[in-house]
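1. can't give you the sequence, but here's the structure:
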């Protein structure tokens, strides 16, 4: 598992980035394509599609 | 002069004599001690109410083309020059996606919607795409539509104005003397020229600042003087939110009380502009965000930003309700 916010394998949320969309695929660590809109965002990995909801992968809430 | 005398003098200048503060006066106010910042903020709030009224303008923004920008603005995660930035380029959003974002903005009670693209400057096809979107957004939602597409040619600026884009954002970002340290792929003068052109063709100019990149207090005052030269309708105040993988990625945040001090100084230097809370306010000000609303701010971006998230819009709307600040459109033209 890779941190969806800093992309490191070792990170378990201590990167501490608030108010950020996920940037890395939790499965493979590749950068995600992210589109932010006024009230939401969508993120997708070319290989693995949309990451699971944030509460299911490492990284800050 | 004592802090109290400085504040009294500024108050007389702005509210009685109705003259603008000189650079020396702004520099003196910038240097007052921390314990006088609440008094500075109170004066700025009084000036804002007297010169602008109580209304607050709410805006939503959308990145309609993200990343892949050829410029090297050192604060920006969307530059193609910074290979360690995790922001991946996306294509242009289609009209339906822009309309969906405008509807989200409308539901928040906003009056303004800004379409932003990460570009050095647009080509003519992009201009037509933005005009089509602006007209569709206006027709469907009633929102006023602004755009931010980088450096313009005069025919492009004229076309946007004719096409219904009422306000154009092009930030100076920082003082002329500091600009070469944060951008090398275009000049401060190129930005200044686009700003002047925007006004010349009849659009409102939205021209903002980004504080916290390493500029000095004197350079912030220099920027205020330069903003006065371009005479914007709106000034968005951004605070650096250091982006991973960018040259400014390791810089510290502006201290909260310093942010309040400079919001107040922006209001005192620019008493009649729409002074908008923009990027970085959540991470910079935290619990002090309401204090900015009583330090000269009279507009805010609600919801998310271009590549980062904002706090819940309902928190901002509740803040405005609690402060008894009505929401509405502010404009020099409408």
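-> Received, thanks. All values reported here derive from a predicted model rather than from experimental measurement.
2. any idea which helix or strand carries residue B:145?
-> Residue B:145 is part of strand B:144-148, with elements assigned from DSSP states H and E.
3. ugh, wrong one, residue A:34
-> Secondary-structure assignment from DSSP H and E places residue A:34 in strand A:33-37.
4. Figure out how far that strand is from the centre of its chain.
-> 12 Å (C-alpha atoms, centre = their mean, to the nearest Å).
5. Pretty sure residue A:6 sits against residue B:244.
-> Yes. With contacts counted by C-beta atoms under 8 Å, residue A:6 reaches residue B:244, the gap being 7.3 Å. In short, each C-beta sits where N, CA and C put it, glycine included.
6. coming back round to it: continuing past the strand holding residue B:145, what's the next helix or strand?
-> Towards the C-terminus, the helix or strand next in line after strand B:144-148, according to DSSP H and E, is helix B:154-162.
7. Report how many residues lie close to the closest residue to residue B:42 other than its chain neighbours.
-> With C-beta to C-beta, 6 or more residues apart in numbering or on different chains as the measure, residue B:294 is the residue that lies nearest to residue B:42, at 7.5 Å, once sequence neighbours are left out. When neighbours are defined as other C-beta atoms under 10 Å in any protein chain shown, residue B:294 has 20 of them.
8. Tell me how far residue B:294 lies from chain A.
-> The gap separating residue B:294 from chain A is 23 Å, by C-beta to the nearest C-beta, to the nearest Å.
9. Tell me where the chain has strands.
-> Chain wasn't specified; assuming chain A. Counting by DSSP state E, one finds strands in chain A at the ranges A:33-37, A:40-44.
10. not what I meant, chain B
-> Across chain B, reading from the start of the chain, the strands by DSSP E fall at B:57-65, B:112-117, B:144-148, B:167-169, B:204-206, B:209-211, B:234-239, B:274-277, B:299-301.
11. Can you list the strands that the third one pairs with?
-> Strands adjacent to strand B:144-148 in the sheet, as given by DSSP bridges, are strand B:112-117 (parallel), strand B:167-169 (parallel).
12. Quickly check: the longest helix anywhere in chain B near chain A or not.
-> Counting residues, the longest helix found in chain B (DSSP state H) is helix B:124-141. No. Judged by C-beta under 8 Å from any C-beta of the partner chain, helix B:124-141 and chain A are separated, with a smallest distance of 12.0 Å.
13. and for that helix, what are the contacting residues?
-> Contacts made with helix B:124-141 from outside it, assessed by C-beta atoms under 8 Å, 6 or more residues apart in numbering or on different chains, are listed as B:64, B:92, B:95, B:98-99, B:102-103, B:105-106, B:113, B:115, B:117, B:119, B:122, B:143-145, B:147, B:149, B:156, B:159-160, B:163-165.
14. and with 6 Å instead?
-> Taking contacts as C-beta atoms under 6 Å, 6 or more residues apart in numbering or on different chains, the residues outside helix B:124-141 that touch it are B:95, B:98-99, B:102, B:106, B:113, B:115, B:143, B:145, B:147, B:156, B:159, B:163-165.
15. before we move on, back to that, include mean pLDDT, distance to residue B:330 and mean neighbour count when you put the strands of chain B into TSV, please.
-> Converted to TSV, these look like this (pLDDT from 0 to 100; distance: least, C-beta to C-beta, whole Å; neighbours: other C-beta atoms under 10 Å in any protein chain shown):
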stretch	mean pLDDT	distance to residue B:330	mean neighbour count
strand B:57-65	98	4	26
strand B:112-117	98	9	24
strand B:144-148	98	10	25
strand B:167-169	98	11	25
strand B:204-206	98	10	25
strand B:209-211	98	18	23
strand B:234-239	98	8	24
strand B:274-277	98	5	26
strand B:299-301	98	6	25
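16. about what we covered before: please enumerate residues in contact with the strand holding residue B:145?
-> For strand B:144-148, contacts defined as C-beta under 6 Å, 6+ apart pick out B:111-116, B:130, B:134, B:137-138, B:165-169.
17. Got the confidence number for the residue of the stretch 201-334 of chain B found nearest chain A?
-> At 3.8 Å from chain A, residue B:303 is the closest residue in the stretch 201-334 of chain B, using C-beta to the nearest C-beta. The predicted structure scores residue B:303 at 97 on the pLDDT scale.
18. how about the residue lying farthest from the centre of chain A, what does it touch?
-> No residue in chain A has its C-alpha farther from the mean C-alpha position than residue A:38, which lies at 18.5 Å (C-alpha atoms, centre = their mean). If you count contacts by C-beta under 6 Å, 6+ apart, residue A:38 has them with B:60, B:101, B:104, B:105, B:303, B:304.
19. ok so, going back, pretty sure the residue nearest to residue B:42 sits against residue B:44.
-> No. Using C-beta atoms under 6 Å, residue B:294 makes no contact with residue B:44, being 8.5 Å away.
20. And for residue B:293, nearest residue in space, chain neighbours not counted?
-> The spatially closest residue to residue B:293, leaving aside those adjacent along the chain, is residue B:323, at 5.6 Å (C-beta to C-beta, 6+ apart).
21. Might you list the low-confidence residue ranges for chain A?
-> Residue ranges of chain A with pLDDT under 70: A:53-61.
22. what does it put close to chain B?
-> Along chain A, the residues adjacent to chain B under the rule C-beta under 6 Å from any C-beta of the partner chain are A:19, A:20, A:23, A:31, A:33, A:35, A:36, A:37, A:38, A:39.
23. 10 Å - rerun?
-> Applying C-beta under 10 Å from any C-beta of the partner chain, one finds that chain A approaches chain B through A:5-7, A:15, A:17-24, A:30-41, A:43-44, A:46.
24. in the sheet, who's paired with the residue nearest the centre of chain B?
-> The residue lying closest to the centre of chain B (C-alpha atoms, centre = their mean) is residue B:236, at 1.5 Å. The residues listed as beta-bridge partners of residue B:236 by DSSP bridges are residue B:276.
25. That one contacts residue B:211, doesn't it?
-> No. In terms of C-beta atoms under 10 Å, residue B:236 does not count as a neighbour of residue B:211; the distance is 11.2 Å.
26. Overlap in contacts, the two.
-> Listed as contacting both residue B:236 and residue B:211 by C-beta atoms under 10 Å, 6 or more residues apart in numbering or on different chains is no residue at all.
27. and residue B:22, what does it touch?
-> Applying C-beta under 10 Å, 6+ apart to residue B:22 gives the contacts B:13, B:28, B:225.
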